[in-house]
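>>> What would the 3D arrangement of this be:
(chains A, B, C and D)
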4 protein chains.
Amino acid sequence: MTPADPQFDARVRANFAKQVIMSKLRVSLADVAPGRVVLEMPFQDDLIQQHGFIHAGIITTALDSACGYAAFSLMPAEAEVLTVEFKSNFLRPAAGDSFRFEGRVMKPGKTLIITEGRAFAITDQGEKEISAMQATMMVVTGREGING
Amino acid sequence: MTPADPQFDARVRANFAKQVIMSKLRVSLADVAPGRVVLEMPFQDDLIQQHGFIHAGIITTALDSACGYAAFSLMPAEAEVLTVEFKSNFLRPAAGDSFRFEGRVMKPGKTLIITEGRAFAITDQGEKEISAMQATMMVVTGREGING
Amino acid sequence: MTPADPQFDARVRANFAKQVIMSKLRVSLADVAPGRVVLEMPFQDDLIQQHGFIHAGIITTALDSACGYAAFSLMPAEAEVLTVEFKSNFLRPAAGDSFRFEGRVMKPGKTLIITEGRAFAITDQGEKEISAMQATMMVVTGREGING
Amino acid sequence: MTPADPQFDARVRANFAKQVIMSKLRVSLADVAPGRVVLEMPFQDDLIQQHGFIHAGIITTALDSACGYAAFSLMPAEAEVLTVEFKSNFLRPAAGDSFRFEGRVMKPGKTLIITEGRAFAITDQGEKEISAMQATMMVVTGREGING
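Next up, the predicted model:
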């Protein structure tokens, strides 16, 4: 896929740095390519639900950002990205030493970009897929957007 | 709707207290009824995405818990709840002084419980719907579950 | 909700008449209001899946059209409607003498319109909710659209 | 993936033959493997929506069956399959001479099987992905099920 902005890498990194929630959750940017972004997060005691696994919503927060930045990497320099909707299936409990989140563009577009995400739990025994997402991202320029 | 366990209120509250992530995000339990749970959360500077609004994934985290506990309120005393999947649409930016999350059971069942959730942003001008969720919850007893 | 085109009723009916699949499935237009459309369909022997119920995809076809026309009813005269995505939960088997499909706009917008749908199975004992949908519709004018 | 029933191929074919709607829509079984099923359908004039493309709901009907039979291929001989929910994104208009639908199991399970589906439009210029689905299927034995 061809990014509209040759400076896409720097632009993704600068924008990611503004997502304050990412640093609170200790999510970091592991890889940026045109139409594909990988994030990582260590296991953290204070992100768990009642069974001791990472809460499904937190896995989804990181997957949504991975998908959003995968879409953003293809956008023109002046555009912003908004999440229109997403859907996540949970395949296994979010139990692991760390987690990897891969966002990938399935279909680029001028107004909407369709993405998919996969989350993996990593232990010293290897890694397992724990969640799958389909998400719709919107290219927002100027004053309009999903709320226009 | 009729809860299988007359002690549902105490059981929801005790279980919610074990969701460590809820206290980290300052989400509190505002109301519990059979098949319906309401959560609340104040705006917080460290939960924002790049545009200054609460991250869609955090809104989804609270909505998922609201839907999960709405399902859980109808379950037998020995059962646990697992999120099978959810889907969220984002209607408006998550901008407000505080947020309310309503989870409601659409269809109870012995194995699966289908729920819907609505999130609202509250300001002194009133409240606005910001997100809508449909989610499938699983009744887990003993050793089985989504991973069985 | 205020339709952009005062002739919305005639425009919905004319557009619906062009959905050839609707007549093949014997789906008819029962009601049109701004942001809300109701469709109906009789039970038919040749639409069943392996258990003798109407196939989930056929229920979804009618719900998608109900949601799409609910969105279309609010659009300017020159606009077209495209389904971006939908998600359906199935609450009960699609068993009934006839079926009703209600599409409703949750959030209008210039580019995207977010809708919800509910399907009901009708017998002489009353009616039961069988499916719930959330769907994103796109307002398409000129040459762009989801593929732009 | 290992099917619970060595006769899975014959069982899928016999069950598919009972989905009356498949023959009405001229959908045929192109390939059956453990955890993966491929269906095909020619373009048909009477399945179109208002722009002359196959209706999104019909594409979804075939994708749902592909995913359902992919799940069914792994189930024990006495089990039935039920669609709990699905979500579809539409990537391009359903324009083509014929269509292929691939259903694949992402995560098998005793009670729930998580699947994904991809639909392709085929012309003499090649093929294009037109829709992506995530779907949850339920293994039903005896009297219970989604309605239990």
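>>> can the longest helix seen in chain A be found next to chain B?
Looking across chain A with DSSP state H, the single longest helix is helix A:56-72. Yes: Helix A:56-72 is in contact with chain B by C-beta under 8 Å from any C-beta of the partner chain, via A:56-58, A:60-65. The C-beta positions use only the backbone N, C-alpha and C, and glycine is treated the same way.
>>> Could you list the buried residues of the helix or strand following that helix?
Next along the chain after helix A:56-72, taking DSSP states H and E as the criterion, comes strand A:80-90. Judged by neighbour count (16 or more other C-beta atoms under 10 Å in any protein chain shown), strand A:80-90 contains these buried residues: A:81-90.
>>> now those residues in TSV, with distance to residue D:75 and pLDDT?
Putting the buried residues of strand A:80-90 into TSV (distance: C-beta to C-beta, whole Å; pLDDT from 0 to 100) gives the following:
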residue	distance to residue D:75	pLDDT
A:81	41	97
A:82	41	96
A:83	35	97
A:84	35	98
A:85	31	98
A:86	29	98
A:87	24	98
A:88	24	98
A:89	19	98
A:90	21	98
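>>> Could you find the closest non-adjacent residue to the residue most central in space within chain A?
When C-alpha atoms, centre = their mean is applied to chain A, the residue found nearest the centroid is residue A:66 (1.5 Å). Excluding its sequence neighbours, the residue lying closest to residue A:66 (C-beta to C-beta, 6 or more residues apart in numbering or on different chains) is residue A:103, at 3.2 Å.
>>> Run through the residues that contact residue A:75.
Residues near residue A:75 by C-beta atoms under 8 Å, 6 or more residues apart in numbering or on different chains: A:3-5, A:81, A:113, A:139.
>>> ditto for residue A:64
Counting by C-beta under 8 Å, 6+ apart, residue A:64 has contacts A:83, A:86, A:117, A:133, A:135, B:55-57, B:60.
>>> Ok, residue A:13 next?
Applying C-beta under 8 Å, 6+ apart, we find residue A:13 in contact with A:29, A:32.
>>> now it, what's its secondary structure?
Counting by DSSP: H, G, I helix; E, B strand; the rest coil, the backbone at residue A:13 sits in helix.
>>> Report the buried residues of the longest strand along chain A.
Longest strand of chain A, by residue count under DSSP state E: strand A:126-140. The neighbour-count check on strand A:126-140 (16+ other C-beta under 10 Å) flags A:128, A:130-140 as buried.
>>> what's the farthest-apart pair in the residues you listed?
Greatest spatial distance in the buried residues of strand A:126-140: A:128 and A:140, 35.2 Å, computed using C-beta to C-beta.
>>> Please give the number of neighbouring residues around residue A:71.
29 (other C-beta atoms under 10 Å in any protein chain shown).
>>> Which one of the residues of helix A:56-72 next to chain B is nearest to residue B:22?
residue A:57 (10.1 Å).
>>> now the closest one: how far from residue B:50?
19 Å (C-beta to C-beta, to the nearest Å).
>>> Show me which of those two is the more surrounded one.
Ranked by neighbour count (other C-beta under 10 Å), residue A:57 and residue B:50 place residue A:57 first, with 26 against 21.
>>> Would you check that the more buried one makes contact with residue B:61?
Yes: contact criterion C-beta atoms under 8 Å: residue A:57 and residue B:61 qualify, at 2.6 Å.
>>> Overlap in contacts, these two.
residue B:21.
>>> The longest strand of chain A pairs with which strands, and in what direction?
strand A:80-90 (antiparallel), strand A:112-123 (antiparallel) (DSSP bridges).
>>> just the angle between that strand and helix B:56-72, please?
Interaxial angle of strand A:126-140 relative to helix B:56-72 (axes from the mean of the first three to the mean of the last three C-alpha atoms, to 10 degrees): 120 degrees.
>>> then strand A:126-140 to PDB, C-alphas only?
Output in PDB follows, covering the C-alpha atoms of strand A:126-140 (Å, rounded to 0.1, in the frame of the first residue of the first chain):
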ATOM      1  CA  GLY A 126       5.200 -19.000  22.700                       C
ATOM      2  CA  GLU A 127       2.300 -16.800  21.600                       C
ATOM      3  CA  LYS A 128      -1.400 -17.300  21.200                       C
ATOM      4  CA  GLU A 129      -4.100 -15.300  19.400                       C
ATOM      5  CA  ILE A 130      -6.500 -13.900  22.000                       C
ATOM      6  CA  SER A 131      -8.700 -11.400  20.000                       C
ATOM      7  CA  ALA A 132      -9.700 -10.500  16.500                       C
ATOM      8  CA  MET A 133     -11.100  -7.100  15.500                       C
ATOM      9  CA  GLN A 134     -12.800  -5.600  12.400                       C
ATOM     10  CA  ALA A 135     -12.900  -1.800  12.500                       C
ATOM     11  CA  THR A 136     -14.000   1.100  10.300                       C
ATOM     12  CA  MET A 137     -11.800   4.200  10.400                       C
ATOM     13  CA  MET A 138     -12.700   7.600   9.000                       C
ATOM     14  CA  VAL A 139     -10.400  10.100   7.300                       C
ATOM     15  CA  VAL A 140     -11.300  13.500   8.800                       C
END
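>>> How far away from the center of its chain is the one helix or strand residue A:41 maps to?
Residue A:41 is part of strand A:36-42, with elements assigned from DSSP H and E. Between the centre of strand A:36-42 and the centre of its chain there are 7 Å (C-alpha atoms, centre = their mean, to the nearest Å).
>>> who does that strand touch, helix- and strand-wise?
strand A:28-33, helix A:56-72, strand A:98-107 (3 or more C-beta pairs under 8 Å, 6 or more residues apart in numbering or on different chains; DSSP states H and E).
>>> what does that strand rub up against?
So strand A:36-42 is contacted by A:12, A:22, A:25-32, A:62, A:65-67, A:69-70, A:73, A:97-105 (C-beta under 8 Å, 6+ apart).
>>> Identify the bridge partners of residue A:135.
Under the criterion used here (DSSP bridges), residue A:135 is bridged to residue A:86, residue A:115.
>>> Please name whichever of the strands paired with strand A:126-140 is nearest to residue A:43.
strand A:112-123 (8.7 Å).
>>> What residues sit buried inside the closest one?
A:112-122.
>>> Take the contacts of strand A:36-42 and, keeping just the buried ones, write it as a PyMOL select command.
Applying 16+ other C-beta under 10 Å to these, the buried members can be selected in PyMOL as follows:
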select buried, chain A and resi 12+22+25+27+29+32+62+65+66+67+69+70+73+99+100+101+102+103+104+105
